[in-house]
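> based on what follows, work out the 3D shape:
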Amino acid sequence: MMPATSIPARRAAERRDPGPPPAAVRAAFALWVTAVAAGAFETALMVGRAPAAGIGAGLAVRLAVFSAAVLVALRMRRGAGWARISLAIGLGILGTASLVVEPLGYLLDGGSLSAALARADALEWVFGVSRTVHLAAVLTAVVLMFRPAANRYFRRSA
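Reported below is the predicted structural model:
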């Protein structure tokens with residue numbers, strides 16, 4: 001007689017081990033962590049400039065997003081296809097939109113890039129560099145997660 005096992009345990013046992021992640025997946029994971037670190041750094045810079053009232057809710061949301069991003073990235077690194085899609089849509093599309101909406105709005109309202117750069121103080125330059133690293137990390141991570149070797153890895157783990 002076969003021992004009784006739960007359905008989730010049986011499904012987990014049946015799931016194939018995809019093996020070690022390819023370089024593209026490892027690099028994508030490192031870039032997701034970089035993006036989260038840059039986001040946390042940007043948050044710290046904003047908190048230093050913002051009035052104390054009303055910061056709590058924004059910090060709680062950011063902490064939740066950063067925590068979820070790292071946890072989902074860990075699952076992506078282990079071969080979970082749902083995690084790859086969640087990162088691509090949630091952070092790759094929606095997260096990127098949230099990062100660029102304010103600067104694009106400024107430019108669309110007639111703002112000048114050269115004027116903004118001319119009046120930027122040191123903190124704004126540091127923030128801008130961090131935001132550039134953040135965006136580059138997100139966009140590169142999304143591309144790497146869909147490279148041929150990564151696609152094979154995620155198919156093997158399905």
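
> all contacts plus neighbour counts: C-alpha atoms, from now on.
OK.

> what's the spacing between N151 and M145?
From N151 over to M145 the distance is 7 Å, taken as CA to CA, to the nearest Å.

> err, A37, not the other one
The spacing between A37 and M145, counted by CA to CA, is 19 Å.

> of these two, who's got more company?
M145 (26 against 16; other CA atoms under 10 Å).

> so what's the gap between the longest helix belonging to the chain and the chain middle?
Using DSSP state H to define each element, the chain has its longest helix at helix 23-49. Computed by CA atoms, centre = their mean, to the nearest Å, the separation of helix 23-49 from the middle of its chain amounts to 7 Å.

> give the buried residues for it.
Within helix 23-49, the residues scored as buried using 16 or more other CA atoms under 10 Å are 24-43.

> what about this protein, any weak spots by pLDDT?
For the chain, applying pLDDT under 70 flags the ranges 1-16, 50-54.

> quick one: terminal-to-terminal distance for stretch 17-26?
End-to-end distance for stretch 17-26, by CA to CA: 16 Å.

> list the contacts of that stretch.
Residues outside stretch 17-26 that contact it (CA atoms under 8 Å, 6 or more residues apart in numbering): 76-79, 144-145, 147, 149-150, 153-154, 156-157.

> restricted to buried residues, select those in ChimeraX.
In ChimeraX, a selection of the buried entries from these looks like this (16+ other CA under 10 Å):
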select :76,77,78,79,144,145,149,150,153,154
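
> which of the contacts of stretch 17-26 fall within helices?
Those of the contacts of stretch 17-26 lying in helices (DSSP H): 76-77, 144-145, 149-150, 153-154, 156-157.
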